[in-house]
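Enquirer: Model the following, please.
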Amino acid sequence: MSKKQTENETTDRQTQVTSAARHPLLATLGDSRPLRDYSHEKLDEVAAEIRDVLCNLLATRTAHFASNLGVVELCLALHAEYDFPRDRLIWDTGHQIYPHKLITGRYHDFASIRTAGGLMGYPNPAESDYDLFMTGHAGSSVSTAVGLRSGDYVQNERDRKTVAVIGDGAFPSGIVFEALNNAGELGDDLTIVLNDNKMSICPRTGAMAKYLDRLRGNPFYTGLKSEVVRLLDHVPMFGDPAERLLAQMKEGVKAGLLGGMLFEELDIRYIGPIDGHDIQLLRKYLQLVRNMSGPVLLHVVTEKGHGYKPAAEDPVFFHTPPAFKDTDEGPVTLPSSGLPPYTNHARDAILRAMQNDHRVTVITAAMCQGNKLEPVREQVPDRFFDVGICESHAVAFAAGQAKTGLRPIVDIYSTFLQRSYDQVFQEVALQDLPVIFMMDRAGLTGPDGPTHHGVYDIGYMRLFPNMVLMAPGYAAELELMLQKALEIDHPSGIRYPKASAPQLDRIPDEIVIGKSEVLREGTDGTIVAYGAMLEHALAAADLLSGELSVRVINARFVKPIDEAMIADVVGGDGFVITLEEGTTVGGFGSAFLESAARQRLDTRGVRTLALPDQFVGHGDRSQLLDESQLSPRGIADVCREEAGISTSVST
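Expert: Residues are numbered from 1 along each chain as shown. Purely as a prediction, here's the structure:
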C-alpha cells in the first residue's frame, strides 16, 4: 500500500469518527429494527441527523437532494411500523432512497454514495436485503408489489406485508393504472403510499395532478373520514332490496366524505390526505392501513426539500443540484469547468428550429429541466408539450402530431426512451412518420449508474426499417443534424451524451444522409468513431504522433451506415478500429461488421471498441470509459497493439 493510500484511509477513518460523534443515533443503527421502539421525539432526532448528513453530502458532489429531504419522516415512520426486510418495501423511481440507506446499516459507508465502488444512488439488492429491486425508472413499484403479494399468497406466506411508495409525478405512468386494475381485481392485502409533493423534477402536469390537488383541498378531517368508512363497512345488510339501498347510501356517504372515489371504484380503499412530516400521525395511519384487508392507497402530502429552506423554495434546482457550500448568505454553488454540454446545444438548436418553422413542436416527459427546455417553454409555449412521466404516450402523441403535418421532436433521455419501445415500433417506424428523437444522456451517465446509462439506444433503434440514426462528434454538428432530420420524411434519432461538447476548429462538412466525414488522414491505421467518442479518437491520434499515422473518421451515421467508407478502410492497409459509447452487442461496431460482411470484405483487421456486454456500474464517466479502454490512452494502446507495437512504453 502506498503512502498516499495510507494517508487517505487514515483521513477516512478520522472523518468517520467525527461524523459518528455528530450523528450518534445513525451511527449506532446496524439496521432499522430499533426504530420500532423509539419514541416520536427520538425519531425526530434521527430525522434531524439525516438532514444534516444530506446537507453535508452536497458539499462534496452532486446528488439527489430535495426528494430525499421530503421523505425523511415517511421513511422513519415506515420502518418504525413494519418489520423490513421480513415485510417488503419498494421505493418507486428510487432517487429518494438516501434516508432508507442511512437507517439500514449503511450510514458508515454513506460518504461513498455515487462514487465508483461505493454505495449506489438508487436501491441496490447487492448492498442490502432491505433493497428488493434496483429501481431507477418511474412507475413499476405498484406492479412489482402486486406481484410480491401474489407470490406470498401462492406460497401461503400471507402474514408478510408489502408497501409500495410512489410519488405523484410517477403516478400517472400507464403501468401504474395497469397495476391498480390488477390489484383491485385480485384483492390481495397491499399498501400503496402515494407521496404527493406536487412535483416530479419540475412541477407536475396533467389531469391527475389536478385531481390530487382537489383531494388535498378536501376540507374534511382525515381521521373522521377513515372512521366513517370503518363504520360503514360494518353496516349489516338485510335482503336484496335493502342491501342495494344500503349499498347506495354507503357509497353516497363515502363519495361525500372521501375524495378518492377514482380508487374506490377500482376496489382500492383510499385514505388521506395526511401530513407526511408528522411522524406520530404517519405511524397512526400506517397502523390503520397495515391491518386492513385488500389493497389500500394512503395519500401522504409532503414538501420536496422539507427542512432546508432554499430547497423547499426552489425544489426544481435542488432536485439534483451541483455541489454547493452552505453559508450564512445561503448556498453557494461550487465552481465548475468545461465547455457547455451537448444538452445546451440541443436546446438552442430546438428553439431556433421552432422559431424558423411553425410546424416544429417539442415533447418532453417531465424532463423540462433535465433537457434544459425552460427557454423553449417560455418563448414558444403553444408548441411545447410536457406529458408527464408517460414516455409511451409521448411517442404515440408525437406520432399523432406528425400525422397532421407537424414535425414533432421528442426530447428524451436515452434510458427513458426504452419505456416507449413498442410505440417507436408501431406508431412511428411502422407508419414511417417524421418524428425526431433527440436522445439526451446517450452513453454513460456517470454517478447515476446502470439504471440511467443510455447505452442501448444504438442497438434497439437501428433495428427498425425507415429509421435514420446519427450522432454528432462535436458541437457544431448537432444543429446541422437537427436541420437535416427536419428535412426528411422519415423517423430519425440523434444521440448525444451527458458531457461537454468539443468545439473543433473547422467548418463541418455538409450533412449528407449516410455519409461520414474524414477529420484526419493517416497511413498506418484508421479509427472510425461514432458520436461523442470522436473527441477521444482525435486525442488518441495525438498521443500516437511520432509512433503511428492514424486516420480519424467521424462516422456520423449508424443507419444508414456509410458503406463506401467501410469498403475503403477495410479494403486498405493498416488496422481498423471502430469506437462508440454504446454496448458492444448490436452497436455501431456490429453495424460496421454487418456492412463489411454484406460487401464480402475481409474483416480480420477490424477491431470494435465499445462498452462490455454487462451492466456498467456507477462512477465518474471518464473513469468508467478508461476501464473499458475508451479513454484516449486506452484507444492509443489498442492502436499500438493492432500495429504490433509494444504498449509497455506507453504511459
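Enquirer: any weak-confidence spans in the stretch 151-300 of the chain?
Expert: The stretch 151-300 of the chain contains residues with pLDDT under 70 at 199-260.
Enquirer: Kindly report the same for the chain.
Expert: Scanning the chain for pLDDT under 70 picks out 1-18, 199-260, 307, 311-337, 647-651.
Enquirer: quick one, helices of the stretch 101-250 of the chain?
Expert: 141-154, 174-186, 207-216, 222-233, 240-257 (DSSP state H, counting those that start in this stretch).
Enquirer: can you tell me which strand in the chain is longest?
Expert: strand 575-583 (DSSP state E).
Enquirer: For it, buried residues please.
Expert: Going by neighbour count (16 or more other CB atoms under 10 Å), the buried part of strand 575-583 is Phe575, Val576, Ile577, Thr578, Leu579, Glu580, Glu581, Gly582, Thr583. Where C-beta positions appear, they are placed from N, C-alpha and C, glycine not excepted.
Enquirer: Could you do stretch 32-40 as well?
Expert: Using 16+ other CB under 10 Å as the test for burial, stretch 32-40 gives Ser32, Pro34, Leu35, Tyr38.
Enquirer: Provide a list of residues in contact with the last one.
Expert: To tie it back to what came earlier, the one meant is Tyr38. Listed by CB atoms under 8 Å, 6 or more residues apart in numbering, the contact set of Tyr38 reads Val46, Ala80.
Enquirer: Just the C-alphas of the helix or strand just after the longest strand of the chain, formatted as PDB.
Expert: Per DSSP states H and E, the first helix or strand lying C-terminal to strand 575-583 is helix 588-598. Once non-C-alpha atoms are left out, helix 588-598 reads as follows in PDB (Å, rounded to 0.1, in the frame of the first residue of the first chain):
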ATOM      1  CA  PHE A 588     -22.100   0.700 -34.200                       C
ATOM      2  CA  GLY A 589     -19.300  -1.800 -34.400                       C
ATOM      3  CA  SER A 590     -21.800  -4.600 -35.100                       C
ATOM      4  CA  ALA A 591     -23.400  -2.500 -37.900                       C
ATOM      5  CA  PHE A 592     -19.900  -1.800 -39.300                       C
ATOM      6  CA  LEU A 593     -19.100  -5.600 -39.400                       C
ATOM      7  CA  GLU A 594     -22.500  -6.400 -40.800                       C
ATOM      8  CA  SER A 595     -21.900  -4.000 -43.700                       C
ATOM      9  CA  ALA A 596     -18.500  -5.400 -44.300                       C
ATOM     10  CA  ALA A 597     -19.900  -8.900 -44.400                       C
ATOM     11  CA  ARG A 598     -22.600  -7.800 -46.900                       C
END
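Enquirer: got the angle between the helix or strand following helix 588-598 and strand 575-583?
Expert: Reading on from helix 588-598 to the C-terminus, the next helix or strand found by DSSP H and E is strand 606-611. Relative orientation of strand 606-611 and strand 575-583, computed by axes from the mean of the first three to the mean of the last three CA atoms, to 10 degrees: 20 degrees.
Enquirer: Would you mind pulling up the elements that strand 606-611 packs against?
Expert: Under the contact definition 3 or more CB pairs under 8 Å, 6 or more residues apart in numbering; DSSP states H and E, strand 606-611 sits against strand 575-583, helix 588-598, helix 632-642.
Enquirer: want to try JSON lines for these, with distance to Ile166 as columns?
Expert: Putting the helices and strands packed on strand 606-611 into JSON lines (distance: least, CB to CB, whole Å) gives the following:
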{"stretch": "strand 575-583", "distance to Ile166": "30"}
{"stretch": "helix 588-598", "distance to Ile166": "37"}
{"stretch": "helix 632-642", "distance to Ile166": "41"}
